[in-house]
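In: sequence and predicted structure are below.
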Amino acid sequence: MVESNRIREISDQMEIQGILTLYCTSLDSKQYDGLDSVFTSDAFIDYTASGGTKGQFPEVKAWLEEVLALFSMTQHVVANFDIKVSGDTATSRCVFYNPMRFKTPEEKMPMFFVGGYYNDKLIRTTDGWRITERIEDLAWNYGEFPGEIELPK
């Protein structure tokens, strides 16, 4: 019985890591509908620590699509997963690292780097694990936004 519970816990942790990776893959490939398999439809997301927006998933998803169009390249990476499963709920804290290259009229390639933590609450659904809340903690950033670029709010 104990071994069976441990196998279930490991399986849940791996599935949650897969969801966190799908988030990154969806953003970097600009396949934003992939986020529908990451978040619940009513998830609360807060990116204000890095100058972004906060709100319910549909609005934040639209904002992500708009803001990431400003970049010719993004590379979201997550690591150092601290996942705790308790029945059909879980919490996760992971490190993120995100280099991004701006699109500029002068065809320069200025880079901007962001690092921090995603603090997530998750729930097991009939379709698998989904994030119900994401709060971003900014640890650092490097680089400046080109003067002609303004982030949408």
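Out: Looks like it arrived, so ask away. Every value quoted in this text rests on a predicted model; they were computed, and no experiment measured them.
In: next up, the contacts around the spatially most central residue of the chain.
Out: For the chain, residue 23 is the residue whose C-alpha lies nearest the centre (Cα atoms, centre = their mean; 5.3 Å). With contact set as Cβ atoms under 8 Å, 6 or more residues apart in numbering, residue 23 has these partners: 35, 38, 76, 78, 131. Where C-beta positions appear, they are placed from N, C-alpha and C, glycine not excepted.
In: which positions within the lowest-mean-pLDDT helix or strand in the chain qualify as buried?
Out: Using mean pLDDT, DSSP states H and E, the weakest-scoring helix or strand in the chain turns out to be strand 71-74, at a mean of 91. Buried residues in strand 71-74, counting neighbours by 16 or more other Cβ atoms under 10 Å, are found at 71, 74.
In: got the CA coordinates for it in PDB?
Out: What follows is strand 71-74, C-alpha atoms only, in PDB (Å, rounded to 0.1, in the frame of the first residue of the first chain):
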ATOM      1  CA  PHE A  71       9.600  39.600 -29.200                       C
ATOM      2  CA  SER A  72      11.200  37.800 -32.100                       C
ATOM      3  CA  MET A  73      12.500  35.100 -29.700                       C
ATOM      4  CA  THR A  74      11.600  33.900 -26.200                       C
END
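In: touching that strand from outside, list them.
Out: 27-28, 68, 98-103, 109.
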